[in-house]
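Asks: Here is a sequence together with a model predicted from it:
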Number of protein chains: 2
Amino acid sequence: MSLFAKHQPVLNKAIEALHSRVFFAAFPEHPAPAMYGETADADGQAKFKNHLGKKFEELKQTNPQSWGGQEESPYTQEALNISYPLFSVDSLITNSKTAFHLWRKVSAQNRAGLLMESLDRAKKRFFEIAYATMHTTGQGYMMAFQASGPHAADRALEAIAAGYEEMNRFPEKAMWNKPMGKFNIQLNKEWHAVPKGISLVIGCSTFPTWNSVTGIYGSLMTGNPVIVKPHPGAILPIAIFVAEIQTVLAENHLDPNTCQLAVDTFDKMITQELAEHRDVKLIDYTGNSAFGSYLEALPGKIVFTEKTGVNSVILDSVDDADKAAANLAFSVNLYSGQMCTAPQNFYIPANGIDSPAGKISFDDFAQKFVTQINGLVDNPKAGPFVLGAIQNKKTSERVIESEKLAGKVILKSRTFENPQFKNARVATPIVVEVDASKKEIFSKELFGPIALLIKTKNTAQSIELAQEMAMQHGAISCAAYTTDSSVKERIADEMALAATPVSFNLVGGIYMNQNAAFSDFHVTGGNPAGNASFTNPEYVTKRFTWVGHREPVKG
Amino acid sequence: MSLFAKHQPVLNKAIEALHSRVFFAAFPEHPAPAMYGETADADGQAKFKNHLGKKFEELKQTNPQSWGGQEESPYTQEALNISYPLFSVDSLITNSKTAFHLWRKVSAQNRAGLLMESLDRAKKRFFEIAYATMHTTGQGYMMAFQASGPHAADRALEAIAAGYEEMNRFPEKAMWNKPMGKFNIQLNKEWHAVPKGISLVIGCSTFPTWNSVTGIYGSLMTGNPVIVKPHPGAILPIAIFVAEIQTVLAENHLDPNTCQLAVDTFDKMITQELAEHRDVKLIDYTGNSAFGSYLEALPGKIVFTEKTGVNSVILDSVDDADKAAANLAFSVNLYSGQMCTAPQNFYIPANGIDSPAGKISFDDFAQKFVTQINGLVDNPKAGPFVLGAIQNKKTSERVIESEKLAGKVILKSRTFENPQFKNARVATPIVVEVDASKKEIFSKELFGPIALLIKTKNTAQSIELAQEMAMQHGAISCAAYTTDSSVKERIADEMALAATPVSFNLVGGIYMNQNAAFSDFHVTGGNPAGNASFTNPEYVTKRFTWVGHREPVKG
């Protein structure tokens, strides 16, 4: 049985889900023994530990210039001492060009089969990937498992499904038969989905697989060879994915260089040289806005970016203020605010929030919010695991510096003890009250566990500011609480104009940070936060070009 | 009956044709009385003449700053003296912003119905548009009728069909029901196709409707208000389309400013001010490369361009050399080479072309080509009507200057008499033999009736050069003649990599210049000629953003 035939049933379900947008997941998100086997967790942890201090020798790329790697665990603040093969930009490009001409001739069906097989192989390593993710990003165990494993694999499958569908959207051939009165003009036509060329996928330090596999699989599915340039601080999780892709390619007598890993080190970054190379046609990027905007302006490239954004919460009226505060407190604590979808700006009217129990004053809501944050942080069975660790020292510094913002510090950031990792770099959220007039404070992303409670005149001003921030500075997510249907409609409309998805009235176990494959579009491109746009059709259609040839039918 | 219901059967056929890519046309291309009525031609001509020397008062845009217009007929070389209302950029943008918030709330069905109705209204004016096109572009009567009337309307319908389909690609609502073990998370989700905002469509002087209606209808269909900035030399044809759109909008109590005409004059062009305006989000452009590349580099805009290209003909082997030469001679003569799809570079091996009758030498083929050109030019019943007139004086000058190219002039350009228009600005093709080593000569577009016969070492070099020209300088069309299936496959593959569609072995009444709606993609974006990409899916998907909102299902 071909790999395509093996995986076709799941592929068909994925395509169906893309269109129905109801719940679908091909990879179980819970790290339960029932799903992954009794010893999967322990085995994965052991495999992760076995990488430490060694060369990562799983890649099938040959003749490295040297070996290097500078990953450090935010939990132990010690170097992982894993070294990876390093290659010159020239050799990466040369290998990619060679691989291109083989890979582009592999049929869409075979590409889909091979790529889905590689996801199945990666699935067997989700726990190993989870520990690798924890010790590079600082994510808590559960998030590290879910985001880097099943959720990433589902997003990758989504890109495969979208790519497969788009490549089959138009016929391979047709006879064009034009009546001209006395005779017909008949042309045999054929259409080719021609891949753009070398695809560069630039990873980030916080979500090394989730933010990269879509670009990798989207480009591969549409026939482009890929060079994966991970963040030097978070290599191992995506290295495992790339190794599995290369293994499947090699097993099927294809060129493993179709998907290369291009590791670099902080002291000698190769991203810019790669991005500017004339043979690189596609770039996927997650990271800061300055570099993202530089990439977007490079001439002759198709660029998909996820940059920074300023995510808002609009508080108008609530059914249950404590439940709303609890939900938002979780969103702020989750991975210590280091998610692109985490909230930062909380707009609260000066005269408070309506509720069935009457007005809740600004200060009362602020207090509820602080109480919920503290409650979660101080819960030893939940706090340390929800907050995880801080990936980058600069984030810790930013949190401390936020005390100096021109506002009133309602809750200071502090540390806490992680029972497993005494040296973990941690920081709890800081909460600062800011007046709506002080736009200079809240009109930029303050990455990390930093929440600003912004006192507005009324909900109309809250909406106006949330929309303005999204339009001018980008936004990836938004939450709103309102029990008034006309206010709800207005928020939905105004934030839609700013291309920002809104989660209304979330309570319980679902959060504005969360974003589900096959259902929630992500960074669709209508505001400065980027145009990653997974996975709407243009995420894959921009990776190839339709070209049609034609010839008269022989009489 | 709603306009949508009225037009739905044709819309459905158009969507079907987009996917089958077999022949489909909603608007008859032949100006036959049986199709359009006995008096349609005479009436259209009379209507055109009635515009001359007057104000064009059909637009529903109010309070112009002044009136102006500088169109001139290439057939009479006299001013048309039609004046149009002129508006400031500020008032155009202000009107467009107001119109946006009404138009974006009109349903996709209603938009499709209104827009298709406007095409039906324009259909009643195809002859008037044809004469307007002749006397602004210099096109011959038949091309002016077909390109500006039915072919343009079919392309517009194609954009409506593609837009309608994409806007309905995902559900408006769905319930997302995620099993969590002991309970389910249930969210009501809704998705909105949010238009990007003001769309600017910049017309060209040679195809004032064909190259503009796709952008106009593509943007309108996806909910964006449009500002149409015609070339100051070719306004009337597209003004009639815009007037019909405004009439239908007004009849249906919608804002006519949803589609505004923004006429300017050569001495005070407003294109740049419009393009750079921060509220302009979408730009469609046809014209020279320098301005097109400037537009493409504007930050924060989605830009669709059709710039210049260098179209190649690869001559390897033929079944019938005379038929091939005749077909190519027609392509060069047609509208005096002023089409974006016209051939310029003819690659012929130094040792000739294979044929069933043996080798045809380079010189012999050149002679056949020249004979066919002269035969057509000197046929008084065909020549003047196929060649038409030269739109721009600079094109005439370029043809004369081409005599100085570092090659051997095989055929000089000359004039001829147009029986209807004694003062027509005309020029027949110049044919110059150039050596393959002289890339500096043939690596740029020489717009107009200029054919370069390039002597190559062999077909391999011909293919290499054709591909290189397309990749480096852009190409929109390519023709190839070969009876060898392996050569054919190689040309198809190499030119596909350069994103250039190839017409193989055309003889008889079908030409490389021609490009059919619903079947032939046009400028799909894989080379520097542009990324207009009508009509593949991204031509419409890039005009709006998917935004999804969600809220827990109430228990």
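Replies: Thanks, I have it. Residues are numbered from 1 along each chain as shown, chains lettered A, B, ... in the order given.

Asks: Show me how the record splits chain A into domains.
Replies: Here the domain parsing of chain A from automatic domain parsing is A:3-307+A:531-550, A:312-504.

Asks: Generate CSV for those, with distance to chain B as supplementary columns.
Replies: The way it works is simple: take the backbone N, C-alpha and C, and place the C-beta from them, glycine included. Compiled in CSV, the domains of chain A are given as follows (distance: least, C-beta to the nearest C-beta, whole Å):
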stretch, distance to chain B
domain A:3-307+A:531-550, 4
domain A:312-504, 4
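
Asks: and those domains as TSV, adding mean neighbour count and mean pLDDT?
Replies: Shown next, in TSV, are those (neighbours: other C-beta atoms under 10 Å in any protein chain shown; pLDDT from 0 to 100):
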stretch	mean neighbour count	mean pLDDT
domain A:3-307+A:531-550	21	97
domain A:312-504	20	97
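
Asks: Output those domains in a markdown table; the columns should cover distance to B:D493.
Replies: What follows is the domains of chain A, written out as a markdown table (distance: least, C-beta to C-beta, whole Å):
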| stretch | distance to B:D493 |
| --- | --- |
| domain A:3-307+A:531-550 | 9 |
| domain A:312-504 | 39 |
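
Asks: Out of those domains, which is closest to B:A152?
Replies: domain A:3-307+A:531-550 (17.5 Å; C-beta to C-beta).

Asks: Can you get me the start-to-end distance on the closest one?
Replies: Start-to-end span of domain A:3-307+A:531-550 (C-alpha to C-alpha, to the nearest Å) is 33 Å.

Asks: same deal with stretch A:196-206?
Replies: End-to-end span of stretch A:196-206 (C-alpha to C-alpha): 29 Å.

Asks: So A:V194, which state does it fall into?
Replies: strand (DSSP: H, G, I helix; E, B strand; the rest coil).

Asks: which secondary structure elements does the helix or strand hosting A:A122 contact?
Replies: Using DSSP states H and E, A:A122 falls within helix A:108-123. Judged by 3 or more C-beta pairs under 8 Å, 6 or more residues apart in numbering or on different chains; DSSP states H and E, helix A:108-123 is in contact with helix A:3-20, helix A:150-167, helix A:210-221, helix A:236-251.

Asks: how about A:T428, what does it touch?
Replies: Contacts for A:T428 (C-beta atoms under 8 Å, 6 or more residues apart in numbering or on different chains) come out as A:333, A:336, A:373, A:377, A:387, A:413-416, A:449.

Asks: So which of the residues you listed is the closest to B:A470?
Replies: Nearest to B:A470 among these, counting by C-beta to C-beta, is A:S336 at 51.2 Å.

Asks: As a check, name the ranges of all strands in the stretch 1-150 of chain A.
Replies: Taking DSSP state E, counting those that start in this stretch as the criterion, the stretch 1-150 of chain A contains strands spanning A:66-68, A:84-86.

Asks: quick one: contacts of the last one?
Replies: I take that to be strand A:84-86. With contact meaning C-beta under 8 Å, 6+ apart, strand A:84-86 is reached by A:55-56, A:59, A:61, A:64-69, A:235, A:239, A:261, A:263-265.

Asks: Parallel or antiparallel, which strands does that strand pair with?
Replies: strand A:66-68 (antiparallel) (DSSP bridges).

Asks: Any idea how far the strand it pairs with is from the middle of the chain?
Replies: Chain-centre distance of strand A:66-68: 28 Å, with C-alpha atoms, centre = their mean, to the nearest Å.

Asks: repeat for stretch A:147-162
Replies: Mean C-alpha position of stretch A:147-162 versus that of the full chain (C-alpha atoms, centre = their mean) differs by 10 Å.

Asks: Setting aside sequence neighbours, what's the nearest residue to A:L119?
Replies: A:A153 (5.0 Å; C-beta to C-beta, 6 or more residues apart in numbering or on different chains).

Asks: what sits against the one you found?
Replies: Contacts for A:A153 (C-beta under 8 Å, 6+ apart) come out as A:26-27, A:119, A:122-123, A:126, A:213.

Asks: quick check, A:P356 in a helix?
Replies: No. In this structure, A:P356 is coil, not part of a helix, as judged by three-state DSSP.

Asks: Next one: it relative to A:A389, how far apart?
Replies: Between A:P356 and A:A389 the distance is 40 Å, computed by C-beta to C-beta, to the nearest Å.

Asks: Residue most distant from the centroid, chain A?
Replies: The outermost residue of chain A relative to its centre, with distances by C-alpha atoms, centre = their mean, is A:K182 at 59.0 Å.

Asks: Give me the distance between the residue positioned nearest the centre of chain A and A:I245.
Replies: Closest residue to the average C-alpha location of chain A: A:N211 at 3.2 Å, with C-alpha atoms, centre = their mean. Distance of A:N211 to A:I245, given as C-beta to C-beta: 17 Å.

Asks: for A:V507, same thing?
Replies: Distance from A:V507 to A:I245, counting by C-beta to C-beta: 40 Å.

Asks: A:S83 too?
Replies: For A:S83, the distance to A:I245 - C-beta to C-beta - is 21 Å.

Asks: Quick one: residues in contact with the strand or helix carrying A:A325.
Replies: Element membership for A:A325, per DSSP H and E: helix A:321-333. With contact meaning C-beta under 8 Å, 6+ apart, helix A:321-333 is reached by A:313, A:315, A:318, A:342-343, A:346, A:353, A:355, A:357, A:360, A:364-365, A:368-369, A:371-373, A:375-377, A:383, A:386-387, A:428-429, A:449, A:451, A:479, A:481, A:505-508, A:511-513.
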